[in-house]
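**Q** Below are the sequence and a predicted model for it; my questions follow.
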Amino acid sequence: AATAAEIWKKLNERYEGQGKQTVAFLIGELFRGTLSDDSAMETQLNAMRQKAHILSTLGQPLDDTLVATAMVISLPPSYSTLR
């Protein structure tokens, strides 16, 4: 029988590349996305916060200031006064 640590190590080795791909994808989503006036802003901002949380759990935490910056630059043109 394998210990929990051994199982975790094998899982980590197996999915390490996918974790890196996920990190790259999420960072791209955070900084290249544009929010829309067609959906509730709160829902869209929560989705961005969730991506930042997932990045943190993948070992790539982002500073809150950086996440806030991503949110501001993603705002639609109707929010231009906040930029």
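**A** Thanks, I have the structure now.

**Q** Just list what whatever helix or strand Ala5 lives in packs against, helices and strands only.
**A** Per DSSP states H and E: Ala5 is located in helix 4-32. Judged by 3 or more C-beta pairs under 8 Å, 6 or more residues apart in numbering; DSSP states H and E, helix 4-32 is in contact with helix 41-57, helix 64-74. Where you see a C-beta, it was placed from the backbone N, CA and C, and this is true even at glycine.

**Q** Show me what the first one is packed against.
**A** Helices and strands touching helix 41-57, by 3+ C-beta pairs under 8 Å, 6+ apart, are helix 4-32, helix 64-74.

**Q** Find the residue at the geometric middle of this structure.
**A** The centroid of the chain falls nearest to Lys51 when counting by C-alpha atoms, centre = their mean (2.6 Å).

**Q** Correct me if wrong: that residue contacts Arg32.
**A** No. Under the criterion of C-beta atoms under 8 Å, Lys51 is not in contact with Arg32, lying 11.9 Å apart.

**Q** Of the helices and strands packed on helix 4-32, which is nearest Lys10?
**A** Lys10 lies closest, by C-beta to C-beta, to one member of those: helix 41-57, at 18.9 Å.

**Q** What residues of that closest one count as buried?
**A** By neighbour count with 16 or more other C-beta atoms under 10 Å, helix 41-57 contains the buried residues Gln44, Leu45, Met48, Lys51, Ala52, Leu55.

**Q** and the third one, what is it in contact with?
**A** Listed by C-beta atoms under 8 Å, 6 or more residues apart in numbering, the contact set of Met48 reads Leu30, Gly33, Val67, Ala70, Met71, Ser74.

**Q** No more questions from me, cheers.
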